[in-house]
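Q: Quick one: sequence and predicted model below, then my questions.
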Amino acid sequence: MKKTKFSESKIFQVLKEAESGVPVPVPELCRKYGFSNASFYNWRSKFGGMQVSDMKRLKELEEENRRLKKMYAESQMDAEILRDALAGKY
């Protein structure tokens, strides 16, 4: 997955600016900070209503989930190799 060049704090800043009382059109915000409209709407759907600490915690949980999935896949592969060896399919 491609890593974004925008940090969580920068994304949070852009979302707060969009939610503020000053009516700034989304395309203008996107041009100002250098990202696409689609990125803004993806960020808003994912991070809308969160605080910076919530965003950091979400990133930590996603990283932990990725690591656990990798560990599970490796253990399943090891178990499959052992089953094949015990069955004489080597």
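A: Perfect, thanks for sending it.
Q: Counting by contacts, list what the host helix or strand of residue 65 packs against.
A: Taking DSSP states H and E as the criterion, residue 65 maps to helix 52-87. Contacts defined by 3 or more C-beta pairs under 8 Å, 6 or more residues apart in numbering; DSSP states H and E place helix 52-87 against helix 8-19. (Each C-beta comes from the backbone N, C-alpha and C, glycine too.)
Q: The helix it packs on: what's the following helix or strand?
A: helix 26-33.
Q: buried stuff in the next helix or strand after that following helix?
A: Note on helix 26-33: by DSSP H and E, the next helix or strand toward the C-terminus is helix 37-47. For helix 37-47, burial by neighbour count (16 or more other C-beta atoms under 10 Å) applies to 39, 40, 43, 44, 47.
Q: do stretch 16-31 as well
A: Quick answer for stretch 16-31 (16+ other C-beta under 10 Å): 18, 29, 30.
Q: Kindly reformat those residues as JSON lines containing distance to residue 55 and pLDDT.
A: Output for the buried residues of stretch 16-31, formatted as JSON lines (distance: C-beta to C-beta, whole Å; pLDDT from 0 to 100):
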{"residue": "18", "distance to residue 55": "15", "pLDDT": "85"}
{"residue": "29", "distance to residue 55": "18", "pLDDT": "87"}
{"residue": "30", "distance to residue 55": "20", "pLDDT": "89"}
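Q: could those go into a markdown table alongside distance to residue 61?
A: A markdown table is the format used below for these (distance: C-beta to C-beta, whole Å):
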| residue | distance to residue 61 |
| --- | --- |
| 18 | 25 |
| 29 | 28 |
| 30 | 28 |
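Q: Skipping its backbone neighbours, what lies nearest the most centrally placed residue in the chain in space?
A: Nearest to the mean C-alpha position of the chain, by C-alpha atoms, centre = their mean, lies residue 59 at 6.2 Å. Distance criterion C-beta to C-beta, 6 or more residues apart in numbering; nearest residue to residue 59, sequence neighbours excluded, is residue 8 at 6.6 Å.
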